[in-house]
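Visitor: Give me a 3D structure for the following:
(2 chains)
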Amino acid sequence: ELKVEQNPLFLSMQEGKNYTIYCNYSTTSDRLYWYRQDPGKSLESLFVLLSNGAVKQEGRLMASLDTKARLSTLHITAAVHDLSATYFCAVLLETSGSRLTFGEGTQLTVNP
Amino acid sequence: NAGVTQTPKFQVLKTGQSMTLQCAQDMNHEYMSWYRQDPGMGLRLIHYSVGAGITDQGEVPNGYNVSRSTTEDFPLRLLSAAPSQTSVYFCASSRHRGSFNYGYTFGSGTRLTVV
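Guide: Numbering: from 1, shown residues only, chains lettered A, B, ... in the order given. Predicted coordinates for the structure are as follows:
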């Protein structure tokens, strides 16, 4: 059974600081997704990582994938308050109905 | 384009009642699915469909039925609501069956409370 673990689950940081969210998964997969969710809202796609070594950046967020280590990271550079949200990683397991298995989510709070 | 549209946004049911959560997409996506989101558990797959006329069970299918008569619509039916089905329900669709290189598009969610 595929398990996806994120850490930390809660992150409080100051504006201007850098931090990394980690996503570990237990079964081989080469498709990993990062989503953002604001309170009471839907999930917004941030990144789709399709191969080992993939790195994608959008603004202050950068995501990477290491399929050999079964690890993805979401790095936040010079955080701003608008980045406060819950971030989910999700791994695709095509052998189980193409199910997305989600991590528990990381609740990020950026303090002014 | 509207994307993925879910209705209703909020619903309160009494135990034992039945209802249908609606989901429609206008992107001609083959793949559609229903997830439920519960605190501390991320999202879990209830049912999914890889095309019109084809559905299958996900991780937590008990108490739910689905059908896919058209490419656009994928309703989720609660047969006899129970308090354990209190949750936020998301419908999601994807462009390429078997590839998913574009990820999934999620609807805005239905917040269901069963009393």
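
Visitor: show me what contacts residue 84?
Guide: Answering for chain A, as no chain was given. Residue A:84 sits next to A:108-110 when contact means Cβ atoms under 8 Å, 6 or more residues apart in numbering or on different chains. Bear in mind the C-beta positions are built from the backbone N, C-alpha and C, glycine included.

Visitor: wrong chain, I was asking about chain B
Guide: Contacts for residue B:84 (Cβ under 8 Å, 6+ apart) come out as residue B:114.

Visitor: quick one: pLDDT of it?
Guide: Looking at residue B:84, its pLDDT stands at 96.

Visitor: Doesn't it belong to a helix?
Guide: Yes. Secondary structure assignment places residue B:84 in a helix (DSSP: H, G, I helix; E, B strand; the rest coil).

Visitor: and residue B:36, what are its bridge partners?
Guide: Per DSSP bridges, the residues bridged to residue B:36 are residue B:44, residue B:89.

Visitor: ok, back up a step: which one among the contacts of residue A:84 gets closest to chain B?
Guide: Nearest to chain B among the contacts of residue A:84 is residue A:108, at 15.6 Å by Cβ to the nearest Cβ.

Visitor: Quick check: closest non-adjacent residue to the closest one.
Guide: Of all residues not flanking residue A:108 in the chain, residue A:11 sits nearest, at 4.9 Å (Cβ to Cβ, 6 or more residues apart in numbering or on different chains).

Visitor: Beyond whichever strand or helix holds the one you found, next helix or strand please.
Guide: For residue A:11, the element it lies in under DSSP states H and E is strand A:10-14. Counting by DSSP H and E, the element after strand A:10-14 in chain order, helix or strand, is strand A:19-25.

Visitor: For that following strand, name the packing helices and strands.
Guide: Packed against strand A:19-25 by the contact rule (3 or more Cβ pairs under 8 Å, 6 or more residues apart in numbering or on different chains; DSSP states H and E) you find strand A:4-7, strand A:10-14, strand A:32-37, strand A:71-76, strand A:85-93.

Visitor: Within the sheet, what are the partner strands of it, with directions?
Guide: As defined by DSSP bridges, the strand partners of strand A:19-25 come to strand A:4-7 (antiparallel), strand A:71-76 (antiparallel).
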